[in-house]
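Enquirer: Curious how this folds, go ahead:
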Amino acid sequence: MNNGFEILDAAHSDLNVRSEMADAFAEGFSQWLSYFSKDERTIAAAFAHMFVLEEFYIAVKDDKVAAFAACTDGRTKSVKLQKDELRRHLGYIKGTIASIVLKKEFESLDENFPRDTGSVEFVGTSKNFRRQGAAMDLLQYIVAYEPYDEFMINEVADTNTAAMNLYTKAGFVEYDRKPMPAKLSKKSGINNMLSLIYRK
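Expert: Reported below is the predicted structural model:
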C-alpha cells in the first residue's frame, strides 16, 4: 500500500460508493455486456444495485472511488441481481435475459470452495485512476488484513492481460485453466479461463 490510496470498507464510507463503483464497473465490463446496452451510463445505472457493499473494499483518493474489489469466504454472494432493476434500465426483454443469464454467471457459488480461503471477486478500477496503483494497493490490503491463508481469483480471461499482469505482480499464480469451447473461443477471442491463487 504505497501508492497513496486510502483503503476503506465500502459499506462504511460516506462517499457515493454505489454510483462510483457502478461507473467503474461499466467502464471495465461494458464490452462483455454490450448485448444489453452499448451505453456505459445505461450499464452503470442497471447494475448499480447489485453490489453487496459489506463484501467490498474500495481504494479512495481525492474523495473518489479509484478501485474496488470484493473478498468473500466463497460461500457468500458479493453481488445480487434484481430482475426489476434490470428490466427498468435495460427493458423488459433484455432485463429478463440479464437476470437469468448473468445471475448464473455472477452469483454462482462453489459448494466445494476450500475453507479458510478468500475469494477475490469483481476487481475494477475507474478509468481516471488506471495505472496509478489503486488496484494493487487494494489487493495488497486484502491479502494482508483478511483472515485467510490463501486467496483465489477464478476465471480470468487469458486475453485480459492488464488483469493478469496486476494479479501476477500482486503475487497470484495460475493454478488452473479451462479451455473455452471452440465456437465461443472463435467468437470472443478467449482461449482459456484462468484461475489464480495467492498463498501467504
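Enquirer: so where do the strands sit in this structure?
Expert: 6-9, 56-61, 64-72, 117-125, 150-157, 173-179, 192-199 (DSSP state E).
Enquirer: Give me the pLDDT value at the residue most central in space within the chain.
Expert: Centroid-nearest residue in the chain: residue 122, 1.0 Å away (criterion: C-alpha atoms, centre = their mean). As predicted, residue 122 sits at a pLDDT of 95.
Enquirer: Surely it and residue 71 touch.
Expert: No. With contact defined as C-beta atoms under 8 Å, residue 122 does not count as touching residue 71 (10.0 Å). Using the backbone N, CA and C atoms, a C-beta is placed for each residue, glycine as well.
Enquirer: From residue 35, how far out is residue 170?
Expert: As defined by C-beta to C-beta, to the nearest Å, residue 170 lies at a distance of 31 Å from residue 35.
Enquirer: tell me the phi and psi of residue 111?
Expert: phi -60, psi -20 (degrees, to the nearest 10).
Enquirer: Quick check: it vs residue 97, distance?
Expert: Using C-beta to C-beta, residue 111 is found at 26 Å from residue 97.
Enquirer: cool, and residue 89?
Expert: Distance from residue 89 to residue 97, by C-beta to C-beta: 13 Å.
Enquirer: Sketch out the low-pLDDT regions of this protein for me.
Expert: Counting by pLDDT under 70, the chain contains low-confidence ranges at 1.
Enquirer: quick one: contacts for the closest residue to residue 189 other than its chain neighbours?
Expert: Leaving aside its chain neighbours, residue 189 sits nearest to residue 159 (5.6 Å; criterion: C-beta to C-beta, 6 or more residues apart in numbering). For residue 159, the contact set (C-beta atoms under 8 Å, 6 or more residues apart in numbering) comprises 188, 189, 190, 191.
Enquirer: of residue 89 and residue 97, who's got more company?
Expert: More crowded of residue 89 and residue 97, by other C-beta atoms under 10 Å: residue 89, with 21 against 15.
Enquirer: which non-adjacent residue is nearest the more buried one?
Expert: Looking at residue 89 with C-beta to C-beta, 6+ apart, the closest residue is residue 46, at 3.6 Å.
Enquirer: Identify the residues contacting the one you found.
Expert: Contacts of residue 46 by C-beta under 8 Å, 6+ apart are 36, 37, 85, 86, 88, 89, 90, 95, 98.
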